[in-house]
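S.K.: Below is the sequence, then the predicted model.
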Amino acid sequence: MPVGNQKKIRRRPHATKRLPAGPHGGVELLLIQSVDNLGRQGEVVEVRSGYAFNYLLPQGLATLASEHHKRMVEKHRSRLAQIEESRLTGLRKLAEELGRQSVTIEANANDEGHLYGSVGAAEIVAALKRNDVTIAEDQVRLKGPLKELGLYTVQIHVGHEIEGELKVWVVPTSQEASAKAAAE
């Protein structure tokens, strides 16, 4: 076969890198930040290589679990505990702040109080943003979309183990309320 017709074999960049293997055949990583359902900051965890290369390493959530990194973590474990405690204190404060707040969301509804659409996490996040509280949609824990007018208590997952409750008022739009009052 002529040399010019041979195909080059392309390897993915991570196929050539060797990562420290764990006892179960996975990849050992040291967590830089706490990751839900995986571990806390400073822990050595074993994950599959795809999860390590495609999520943890590019997002900066973990680093290689070399002996040097393990020693550095041991040296700074008390400092890491203080940082983690201050972060948890901030999250608890946010949860308490959410418990003291209530948000009002206007929605189109019929005379019986059933909404034409529904109120979901996106509307709740937008209402909180108007109150200068920023959370992500995946932190709102709804048991289902809100489809009727009324008062709801919604769980907000603010951090690692911290949940807050938020009062959500779903009210008819001001145009509907004024039209209903005029009709009566």
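M.R.: That came through fine. Residues are numbered from 1 along each chain as shown.
S.K.: What sits closest to Gly159 if chain neighbours are left out?
M.R.: Leu91 (3.6 Å; Cβ to Cβ, 6 or more residues apart in numbering). Where you see a C-beta, it was placed from the backbone N, CA and C, and this is true even at glycine.
S.K.: tell me the contacts of the one you found?
M.R.: Counting by Cβ atoms under 8 Å, 6 or more residues apart in numbering, Leu91 touches Val158, Gly159, His160, Ile162.
S.K.: so the third one sits in a helix?
M.R.: Going back to what we said before, that points to His160. No. Using DSSP: H, G, I helix; E, B strand; the rest coil, the assignment for His160 is coil, not a helix.
S.K.: out of the contacts of Leu91, who's nearest Ala62?
M.R.: His160 (15.9 Å; Cβ to Cβ).
S.K.: Run a quick check on the closest one versus Asp36, I expect a contact.
M.R.: Yes. Using Cβ atoms under 8 Å, His160 is in contact with Asp36, at 6.7 Å.
S.K.: State the mean pLDDT of stretch 86-103.
M.R.: Stretch 86-103 carries an average pLDDT of 86.
S.K.: In CSV, could you pull the C-alpha coordinates for that stretch?
M.R.: Taking C-alpha atoms only, stretch 86-103 is exported to CSV below (Å, rounded to 0.1, in the frame of the first residue of the first chain):
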residue,chain,number,x,y,z
SER,A,86,-18.4,30.4,56.2
ARG,A,87,-20.0,29.2,52.9
LEU,A,88,-22.6,27.1,54.8
THR,A,89,-23.3,30.1,57.1
GLY,A,90,-24.0,32.2,54.0
LEU,A,91,-26.3,29.6,52.6
ARG,A,92,-28.2,29.3,55.9
LYS,A,93,-28.6,33.0,55.9
LEU,A,94,-30.0,32.9,52.4
ALA,A,95,-32.4,30.2,53.4
GLU,A,96,-33.6,32.3,56.3
GLU,A,97,-34.0,35.3,54.1
LEU,A,98,-36.1,33.2,51.6
GLY,A,99,-38.3,32.0,54.5
ARG,A,100,-39.1,35.6,55.5
GLN,A,101,-40.0,36.6,51.9
SER,A,102,-43.0,36.0,49.7
VAL,A,103,-43.3,36.6,46.0
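S.K.: What are the buried residues along it?
M.R.: Neighbour counts using 16 or more other Cβ atoms under 10 Å place Leu91, Leu94, Ala95, Leu98, Gln101, Val103 of stretch 86-103 among the buried residues.
S.K.: cool, stretch 46-55 as well?
M.R.: Glu46, Val47, Tyr51, Ala52, Phe53.
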